[in-house]
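**Q** return atomic coordinates for the entry below.
(chains A and B)
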Amino acid sequence: MKGFFTYNSGGVSMHIKEYNPREIEKKWQNIWEEKGTFRASSDKSKPKFYALVEFPYPSGDGLHVGHPRSYTALDIIARKRRLEGYNVLYPIGWDAFGLPTENFAIKNKIHPRIVTERNVARFRNQLKSLGFSFDWSREVNTTDPNYYRWTQWIFLKLFEHGLAYKAEIPINWCTECKVGLANEEVVNGVCERCGGEVIRKVKSQWMLKITEYAEKLLNDLDTVDYIEKVKVQQRNWIGRSEGAEVEFRIAGQDIIIKVFTTRPDTLFGATYMVLSPEHPVVSQLKDKITNWDQVEKYREEAMKKSDFERTEISKEKTGVPLMGLMAVNPVNNKEIPIWISDYVLMSYGTGAIMAVPAHDTRDWEFAKKFGLPIVEVVKGGDVEKEAYTDIESGVMVNSGFLDGLQVKEAIPRIIDWLEEQGLGRRKVNYKLRDWVFSRQRYWGEPIPLVECEKCGWVPIPEDQLPLTLPEVENYMTTDTGESPLANIPEWVNTTCPKCGGPAKRETDTMPQWAGSSWYFLRYIDPHNDKAFADMEELKYWLPVDWYNGGMEHTTLHLLYSRFWHKFLYDIGCVPTPEPYKKRTSHGMILGENNEKMSKSRGNVINPDDIVEEFGADTFRVYEMFLGAFDQAIPWSQQGVRGCRRFLERVWRLQELVADEEGYSPELETAMHKAIKKVSEDFERMKFNTAIATLMSLVNDFYDAGRITRGEFRTFLILLNPAAPHITEELWEILGFEGMLNEQKWPQWDEEKTVEDMIEIAVQVNGRVRDVIKVPKDADQQAVKDVAMESENITKFIEGKKIVKEIYVPGKIFNIVVK
RNA sequence: GCGGAUAUGGCGGAAUUGGCAGACGCGCUGGAUUUAGGAUCCAGUAGUUAACAGCUGUGCAGGUUCAAGUCCUGUUAUCCGCACCA
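**A** Down below sits the predicted model:
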């Protein structure tokens, strides 16, 4: 019984206090706050580590259990980095502009600013109750005029550099939200937020030229450490394709129609053209079209269709010929008919295609349906049965000077020819479109431009920023799609900063993605009123070392913010071409019934309830333990209980601590193994197995019946990033030096991660027949000697001939017999 | 249709490079303790079997190998992304 440490100096297991998370969690949260424990230091001599999680939209529903999954994960990384000696920046803020708040405000007649304040206060409390090691002194809020002043400033820079322009184009219009949407916000033809129907609406819109950065956004993916899934999705979204732009003349007209094609080699097989119904040439040549009534009807129908209907797959191709017009195939001067069809999109390429039915599946379907000629120009398939699209093995035929060439040879040859003749040129095309940046809503950043009759669009001078939102009575949107701001004449009517004449303010506001496109920069220097952030600070902290967030933001926020950052880099405002060095993504947490958590399904878990009943540490440990971090996983209330039980067992370890330093011989290997496993698993985001390792170690501790102070100290440090409150408390109770968060992350000795005596599985013909114990450095003969003493082995060998022996040190010994 | 991922006990999931399948947790069964248990502790828990002997077993069908959850070929199902992108 000697040397056992107990809380009350009595006997073993006598009087330790009960584990009371409610009490100790509050206690440590207060201590950390008072001491500013997790503030990033201004000391730049230390190596830095910038950990970032996507800041939340403070919705009225409060925190979702999905938020803490991401936050706990990077909290673990951040806490580990501090223990490793880094100066860590782990900030948080609020992405607080946006529709739900505004809708709530309208419905309940409360100003969106008040709603936002309330929601933020609730979120802040919830996050604080979970003990995240955020640097709260750097909190940002996108709706704060001191913040959006800089959002507006960046917008003006984009405008100055010609990257923001106003265009009258058909945009995606959500009929529910009564707001224009970016392409990225339309999912499966409906609004990604509300699921409402999206129609095409022609509106004058502010656009950002993200397409100008398509090449950089694509190429620089090779320079960053993002999970492959994200890179693949961004590449697909940018959708680069190489080909040629070819000019088709209209017979008897002085008009040229350009098409984009990736298969210029098949030009001799182009037997007709198809234009998008919206193609401007159609109206332009109205007088020449003999079946105008039919054409007009088709165009009207196409316009009426929602995006969803129009892009619906597997529907029959439709179309109408432009009678009275013929195009001329530039390679052979043959006249070919021109059709319009809604399978040709105005928004991709030039809105017109050359149709090669023999070698394009869509054109083939169309030609078959309307009896258009099919001319084979690449040999290898049966073009009467289906389009032959192979580009690897086909040989050109019926193609004049291209005959006999492989497809891959023919492509550059024909492009050279087109360029020589002035009939076309090499061209790279992207699926990525410019970013529709206007929102017809109140609760967003005002666009800091005025329209002057004389000077056109004029930016508001920088020293007059921020342009703040006016107080209004009514935020209702109108069915005509005008922003609520348009109804405030005293705000709209202003003077031109340039000439002093009368001018009108832009009344649309920015999308929610504006403020989030640069928030990680503001965290670096959040109180700066001279610049969005000081260059010296930016140089120290950028890039973000590790950014975790949802897959749903891959082609939205993540792409947008890379674009803004690249622009800021080009104009010398940030020191790095890429904002984020590493990007990872967490899986969704589903309800207990394996369905997506939602109010309507009645399967929502409220984090507050879990913290209240089990404590924040249990909640954190459970979220990390429930399964692979990057996969969707259902919640299990029973599983939470198990994690609480684990922490109870940790708490009671106090009773086992003997007054001895170092590691005991019995547990030394287990300690080194655990340090290694936990260290590596945290880095690989294998949080579930790291926690499992710690659970196993606790089981080992109980099996051993007593542990040293050294063992307990190491264990507490390993568990600390996941369960920071209970570990600090135990650290204090045990009277260890200083505070736990000031300690050093433990090291392991590779040598000591293996026991001196190890177990080797002995197989006969690949089947395990026995397990033997041998010294860890035993050679094959030694292992064989031990194995042959085993009856379990010998009875399978008896009477047979040993033909082969395989020994994998530390793993198995296999004897092959015949 | 294209691209990506996944498939392992009653459940969530483990298994660096091919080397003892089912770690860890939940649940369940039995026991101890308790006035009580949604507390704690002990034992058991893939299937089959009288068995701590064997045999079978990682969606399905083949193959490579001394050895396959892992590699190869084919196939099915589910999920995610894109979706007439010329």
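
**Q** I'd say A:L405 and A:R413 touch.
**A** Yes: assessed by Cβ atoms under 8 Å, A:L405 is found in contact with A:R413 at 6.5 Å. Placement of C-beta: from N, CA and C, glycine included.

**Q** more neighbours: which of these two?
**A** Using other Cβ atoms under 10 Å as the criterion, A:L405 and A:R413 rank with A:L405 on top: 20 against 16.

**Q** next up, phi/psi of the more buried one, please.
**A** phi -80, psi 160 (degrees, to the nearest 10).

**Q** tell me the secondary structure for the closest residue to RNA strand B within chain A?
**A** Nearest residue of chain A to RNA strand B, counting by Cβ to the nearest atom of the strand: A:G642, 2.6 Å away. Using DSSP: H, G, I helix; E, B strand; the rest coil, the structure places A:G642 in helix.

**Q** check the one 4 residues further on too.
**A** Secondary structure for A:F646, judged by three-state DSSP, is helix.

**Q** next one: A:H64
**A** Strictly by three-state DSSP, A:H64 counts as coil.

**Q** wait, it sits on A:M597?
**A** Yes: with contact defined as Cβ under 8 Å, A:H64 and A:M597 form a contacting pair (7.1 Å).

**Q** okay, and the common contacts of these two?
**A** Common neighbours of A:H64 and A:M597 (criterion: Cβ atoms under 8 Å, 6 or more residues apart in numbering): A:V604.

**Q** neighbour count winner among the two?
**A** A:M597 (20 against 17).

**Q** and the more buried one, how far from A:D609?
**A** 13 Å (Cβ to Cβ, to the nearest Å).

**Q** re earlier: what's the neighbour count on the residue of chain A closest to RNA strand B?
**A** So A:G642, with other Cβ under 10 Å, has 15 neighbours.

**Q** show me what contacts it?
**A** Taking Cβ under 8 Å, 6+ apart as the definition, contacts of A:G642 comprise A:Y622.

**Q** related to what we said a few turns ago, common neighbours of A:L405 and A:R413, please.
**A** A:D265.

**Q** for the stretch 51-200 of chain A, which residues are neighbours of RNA strand B?
**A** By Cβ under 7 Å from any atom of the strand, the part of the stretch 51-200 of chain A that sits against RNA strand B consists of A:183, A:187-188.

**Q** include distance to A:Y442 when you put these into TSV, please.
**A** As requested, these are exported to TSV (distance: Cβ to Cβ, whole Å):
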residue	distance to A:Y442
A:N183	24
A:V187	25
A:N188	28
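
**Q** I'd like to know which of these are part of helices.
**A** Using DSSP state H, no member of these sits in helices.

**Q** next up, the contacts around A:Y519.
**A** Counted by Cβ under 8 Å, 6+ apart, A:Y519 has contacts A:55, A:93, A:95, A:140, A:142.

**Q** just the ones of those residues in strands?
**A** A:93, A:140 (DSSP state E).

**Q** and the contacts of A:Y519, which of them are buried?
**A** Among those, those classed as buried by 16 or more other Cβ atoms under 10 Å are A:55, A:93, A:95, A:140, A:142.

**Q** what does the pLDDT read for the first one?
**A** Translated: A:F55. What the model reports as pLDDT for A:F55 is 96.

**Q** again, but for the last one
**A** You'll see A:T142 listed with a pLDDT of 97.

**Q** list the contacts of the residue nearest to it when sequence neighbours are not counted.
**A** In space, and not counting its chain neighbours, A:T142 is closest to A:G515: 3.1 Å by Cβ to Cβ, 6 or more residues apart in numbering. Residues near A:G515 by Cβ under 8 Å, 6+ apart: A:95, A:97, A:142-143, A:147-148, A:151, A:445.

**Q** most neighbours among the residues you listed, please name it.
**A** A:F97 (30 neighbours).

**Q** helix or strand with the lowest mean pLDDT in chain A?
**A** helix A:307-311 (a mean of 65; mean pLDDT, DSSP states H and E).

**Q** what's the first helix or strand after that one?
**A** strand A:320-328 (DSSP states H and E).

**Q** list the buried residues in that following strand.
**A** Within strand A:320-328, the residues that count as buried by 16+ other Cβ under 10 Å are A:320-322, A:325-328.

**Q** who touches stretch A:578-586?
**A** In contact with stretch A:578-586 (Cβ under 8 Å, 6+ apart) are residues A:52, A:66, A:69-70, A:73, A:220, A:223-227, A:229-230, A:520-521, A:542-551, A:554, A:558, A:561-562, A:565-566, A:629-630, A:685.

**Q** try 6 Å this time
**A** Residues outside stretch A:578-586 that contact it (Cβ atoms under 6 Å, 6 or more residues apart in numbering) are A:69-70, A:220, A:224-227, A:230, A:543-548, A:551, A:565, A:629.

**Q** that stretch close to RNA strand B?
**A** No: using Cβ under 7 Å from any atom of the strand, stretch A:578-586 never reaches RNA strand B; the gap is at least 10.3 Å.

**Q** so how far does that stretch reach from one end to the other?
**A** Distance between the two ends of stretch A:578-586: 22 Å, counting by Cα to Cα, to the nearest Å.

**Q** likewise for stretch A:229-248?
**A** Stretch A:229-248: ends 40 Å apart by Cα to Cα.

**Q** count of neighbours near A:N594?
**A** 11.

**Q** residues touching the closest residue to it other than its chain neighbours, list them.
**A** Residue nearest to A:N594 in three dimensions, not counting chain neighbours: A:P634, with 4.8 Å by Cβ to Cβ, 6+ apart. By Cβ under 6 Å, 6+ apart, the residues touching A:P634 are A:590, A:592, A:594.

**Q** skipping adjacent residues, who's closest to A:M207 in space?
**A** A:D434 (4.5 Å).
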